[in-house]
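# Sequence unavailable; structure follows:
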């Protein structure tokens, strides 16, 4: 279909680099080199991911203590922002200035 559009019309309709009927980009040597680099990097990553650093026995709950310490730090930080406790007598002390036991 693209071939007939190109043969029957003078050019590509609309913008030539985007859309359904776009002009195909030529593959350059830089594109090939970048794709090859990307594939090599991906193969190396797969190689290193396939060989674990720790055994499953070592990996089981290896970070439990560190996570518990981090959770305690978070709890302490959130409770440090709380104001001191105040009693209702502290709020209402100013109301009993003139009242005494004798009157």
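Yep, that arrived. In this text, all values refer to a predicted model and were calculated from it rather than measured experimentally.
# Now the element after the longest helix seen in the chain, going C-ward?
When the chain is parsed with DSSP state H, its longest helix is helix 29-49. Once the chain leaves helix 29-49, the next helix or strand it forms, by DSSP states H and E, is helix 56-59.
# from the middle of its chain, how far away would that following helix be?
Helix 56-59 sits 27 Å away from the centroid of its parent chain (CA atoms, centre = their mean, to the nearest Å).
# which strands and helices sit next to it?
Here helix 56-59 touches no other helix or strand, going by 3 or more CB pairs under 8 Å, 6 or more residues apart in numbering; DSSP states H and E. Every C-beta, even on glycine, is put in place using the N, C-alpha and C of the backbone.
# Could you identify the helix or strand that succeeds it?
helix 64-80.
# got any ranges where the chain has weak pLDDT?
Counting by pLDDT under 70, the low-confidence segments of the chain come to 1-2, 5-6, 9-12, 99, 102-103.
# If we use 50, what do you get?
Nowhere does the chain drop to pLDDT under 50.
# how close does residue 100 get to residue 90?
Distance of residue 100 to residue 90, computed by CB to CB, to the nearest Å: 20 Å.
# Next: residue 64.
Distance from residue 64 to residue 90, counting by CB to CB: 43 Å.
# which residues touch residue 83?
Listed by CB atoms under 8 Å, 6 or more residues apart in numbering, residue 83 has no contact partners.
# oh, and call the first residue 3 from now on, that's how I've got it
Okay, using 3 as the starting number, the last item reads as residue 85.
# Report the secondary structure element holding it.
Per DSSP H and E, residue 85 falls between elements, in no helix or strand.
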